[in-house]
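>>> Sequence and predicted model, in that order:
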Amino acid sequence: MKLSKHEEFIKEKMQSFRPEPDKDALWESLSQYVPQETQKKKKRLWFFLVFLSLAGLVVLLLMPGNQNNEKIPFKNKSNNTGTINETKKIVDGKINNSIAETKMETIGINAKTKVQKNPKKYSYSPRGISKNTIVFALNKANQEENNASKSHEQFSEKSIVLNNHSHIDMTKRESINTLENLSNKLNLLYTNEVVSFNPTITIVNFPKKKYLNYFAWNVGVGIGKVDHSYDPGNTGSEVFTKYFESDTKPSWSIDIGVSYYFANRFYIGSGIQFEQLVTRLHPKWDRIRDEQNPYYNGLTQRVQSKLEYEAIGHNYQNVLDIPLSIGLKTIETRTLSLSLEAGYLLNIFTYSKGVIVDDKYKLRYYTNTVGNPYGNFSGAWLFSAKLDYKINDNAGFYLNPVFSKRNINYEFSGYIFQEKYSIFDLKVGFRCKI
Amino acid sequence: MTEVQIIQYCKQGDSRGFKCLVDTYASKLYGICLRYLGDEFEANDVLQECFIKIFKNISLYEHSGSFEGWISRIAVNTSLMALRKRKNRMRVLEPLKEIDDGFIDGMVESDLNEMEILAMLKKLPNHYRVIFNLAIIEGYSHSEIAEKLDIPESTSRTKLTRARKKMQEIYLKEMKTIPVDLKKEIKKT
């Protein structure tokens, strides 16, 4: 467009026009909007981090205690060993059996005594009496050989090698230190005498409780019912939602993932999920008619088949997410189990394709790769239940109803749209232990 | 703070970034709002609305185009929405006096300042002012104007012609300089 001289002049003057508003007053009124937004983001971030930390913490706490999941058989390794279910107290070289019987649960120590001619003396004064954890045997090495042998025999008859692990050979000092450390930690059986011994110590880990910890992979597909709305306060939505109406079509999804089952009842899961959300758009016919729009030909939507064909289009949101969830088995029978899950779908990529109705009631095609509104923490909250049908101990099918809520933002024609989706998915899948 | 830093701070939710954004661009956006709305109080309200939208949506800005252009578009759109709310829609095409274009072209540059030009723009009816702003000052094409204002392109052309003529009228009335031909005559005498 060719501008006249005075129009050029006006353009130039107006483009460099910088009137000064009352910036302090402006900032004062705007500042209330800034912290709110920031706080919201921080809240979301904190909530997400706390969720991840808790999930991580649970795994860290439970995993080390359950590394040894197999039952350790008690074995008699030599003639000097046997099953002991008593704790011993050695007083003046005699074994006192008065201490109550205890059941060994976690750690067993066998201290095989050796008679020594010139034993060194080691002082040993552990605290407390064990009721449940460690059994060990001591022999006074500075007693007479016969007595010592007798003690040894007496003791040996009731001593035990509780292991199927390799022996840990230690020096005397190391042995005593080890015993002292253990006794400090676990309230060991004690002797109040100065004793000398040369034990061979075997530490055996007994499972405190049998947990079945394992990994499993899963693959599933699903279809969903989608409820869709525009953020009413959003810039683009304000303009465009006046012109069109939308309804949704069923969504579909596919996912693959890995879960870690721990503490018999819990599991955490992650993986990757693709979901397509389909929205069907058409102009608001009432509005077209009321405004006597030139594009309206006076016919109803029903009778103008060509226009109807042109004026209804679909909008596809293709979203790729990483699901992070934690689950709890609430009911478990031999063949079925029911779990409850909660988690977050971390959106890593969204590709929008399809049509949108512009402000002239026309459908326009567009494709767009859209980001997420909350930086790296965008995504959706999800809640689900999982009904698991076990084929055998290692594999099974599952039925998984999932409810999730997500926001998707994108730009069209200079406007920014924010759409909200509530999705109810029904998934079926297969899982198998790794 | 540079433009990139301002954007980065704002995206991180740092209030310093928002403050700096307001300090840096308030004048520019206020100018746009004033041009479209022609009313100081309303322009202040719309300016505030613009910044709220910018705060809300800055995370979506992807450095693909000029940031100033991006926020200007938001200001233009917000101003247009405010005008729509006023419901002063373009309905009546006022009759215009015939003006000799050659007469206008013969004018020498005036020493009108920005406020005086703004006052002239203010004298234009709303629908002419909007089209004049969009076409002459912002440089939008007729198809873009038609899209923005929800009118056919032909209407946009007609209205712009009338808006230009109306502006010429006002310009003639307000200008402080005298026609070149008149200047020459004065010199001769």
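Looks like it came in fine.

>>> so where's the chain uncertain?
Answering for chain A, as no chain was given. Flagging of chain A using pLDDT under 70 yields the residue ranges A:35-44, A:58-176, A:178-180, A:182-211, A:232-239, A:285-311, A:358-362, A:368-378, A:410-415.

>>> wrong one, chain B
Segments of chain B classed as low confidence (criterion: pLDDT under 70) are B:64, B:87-111, B:174-189.

>>> Okay, domains of it per the record?
What automatic domain parsing lists as the domains of chain B is B:3-86, B:101-188.

>>> Need the winner for burial among those.
domain B:3-86 (a mean of 19; mean count of other CB atoms under 10 Å in any protein chain shown). C-betas here are computed from N, CA, C, even on glycine.

>>> Next up, the contacts around the nearest residue to A:Gln418 once chain neighbours are set aside.
Take A:Gln418 and drop its neighbours on the chain: the residue closest to it by CB to CB, 6 or more residues apart in numbering or on different chains is A:Asp231, 4.0 Å away. With CB atoms under 8 Å, 6 or more residues apart in numbering or on different chains as the criterion, the residues that contact A:Asp231 are A:Ser237, A:Asn407, A:Gln418, A:Glu419, A:Lys420.

>>> domains of chain A?
Split by automatic domain parsing, chain A gives A:89-205, A:212-433.

>>> hey, what's the closest residue to A:Arg334 other than its chain neighbours bridged with?
For A:Arg334, the nearest residue in space outside its immediate sequence neighbours is A:Lys390; the separation is 7.5 Å by CB to CB, 6+ apart. When bridges are called by DSSP bridges, A:Lys390 pairs up with A:Gly396.

>>> Roughly how far does A:Lys390 sit from A:Arg280?
Between A:Lys390 and A:Arg280 the distance is 40 Å, computed by CB to CB, to the nearest Å.

>>> still on that earlier bit, test my guess that the residue nearest to A:Arg334 contacts A:Leu336.
Yes: with the criterion set as CB atoms under 8 Å, A:Lys390 and A:Leu336 qualify as a contacting pair; they are 7.2 Å apart.

>>> Need the domains of chain B in a markdown table (columns: distance to chain A).
A markdown table is the format used below for these (distance: least, CB to the nearest CB, whole Å):
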| stretch | distance to chain A |
| --- | --- |
| domain B:3-86 | 4 |
| domain B:101-188 | 4 |
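
>>> Would you mind saying which of these lies nearest A:Asp255?
A:Asp255 lies closest to domain B:3-86 among the domains of chain B, at 27.3 Å (CB to CB).

>>> Can you get me the start-to-end distance on the closest one?
Using CA to CA, to the nearest Å, the end-to-end distance of domain B:3-86 comes to 34 Å.

>>> Just put the domains of chain B in JSON lines and tack on distance to A:Gly354.
Shown next, in JSON lines, are the domains of chain B (distance: least, CB to CB, whole Å):
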{"stretch": "domain B:3-86", "distance to A:Gly354": "19"}
{"stretch": "domain B:101-188", "distance to A:Gly354": "19"}
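
>>> Dump the C-alpha coordinates for stretch B:69-78 into PDB.
Below are the C-alpha coordinates for stretch B:69-78, written out as PDB (Å, rounded to 0.1, in the frame of the first residue of the first chain):
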ATOM      1  CA  GLY B  69       6.400  -8.000  17.800                       C
ATOM      2  CA  TRP B  70       4.800 -10.700  19.900                       C
ATOM      3  CA  ILE B  71       3.900  -8.500  22.800                       C
ATOM      4  CA  SER B  72       2.700  -5.800  20.300                       C
ATOM      5  CA  ARG B  73       0.300  -8.300  18.700                       C
ATOM      6  CA  ILE B  74      -1.000  -9.100  22.200                       C
ATOM      7  CA  ALA B  75      -1.600  -5.400  22.800                       C
ATOM      8  CA  VAL B  76      -3.300  -4.900  19.500                       C
ATOM      9  CA  ASN B  77      -5.600  -7.900  20.000                       C
ATOM     10  CA  THR B  78      -6.400  -6.900  23.500                       C
END
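
>>> those helices in chain B, which residues are they?
Secondary structure of chain B (DSSP state H): helices located at B:3-11, B:15-37, B:40-57, B:67-86, B:101-105, B:114-123, B:126-132, B:142-149, B:153-174, B:180-188.

>>> Just tell me which of the ones you listed ends up closest to A:Ala55.
helix B:3-11 (27.5 Å).

>>> So B:Leu124 sits against B:Ile170, correct?
Yes: with contact defined as CB under 8 Å, B:Leu124 and B:Ile170 form a contacting pair (6.9 Å).

>>> circling back to that earlier point, A:Lys390 and A:Leu336: who's more crowded?
The residue with more neighbours, out of A:Lys390 and A:Leu336, is A:Lys390; 17 against 12, by other CB atoms under 10 Å in any protein chain shown.

>>> Going by contacts, tell me the helices and strands next to the helix or strand encompassing A:Gly269.
Using DSSP states H and E, A:Gly269 maps to strand A:266-283. Under the contact definition 3 or more CB pairs under 8 Å, 6 or more residues apart in numbering or on different chains; DSSP states H and E, strand A:266-283 sits against helix A:33-62, strand A:214-230, strand A:244-262, helix A:305-311, strand A:313-332, strand A:336-357, strand A:415-433.

>>> sorry, back to before: and the residue nearest to A:Arg334, how far is that from A:Arg431?
Summarising the geometry, the distance separating A:Lys390 from A:Arg431, computed by CB to CB, is 10 Å.

>>> Are there residues contacting both of the two? Which ones?
For the pair A:Lys390 and A:Arg431, residues contacting each of them under the criterion CB under 8 Å, 6+ apart are A:Gly396.

>>> Beta-bridge partners for A:Gly257, please?
When bridges are taken as DSSP bridges, the partners of A:Gly257 come out as A:Asn218, A:Gly271.

>>> count of residues packed around it?
Other residues close to A:Gly257 by other CB under 10 Å number 20.

>>> ditto for A:Leu57
10.

>>> State the distance from it to A:Phe51.
Counting by CB to CB - A:Leu57 and A:Phe51 are separated by 11 Å.

>>> repeat for A:Ile416
With the distance defined as CB to CB, A:Ile416 ends up 28 Å from A:Phe51.
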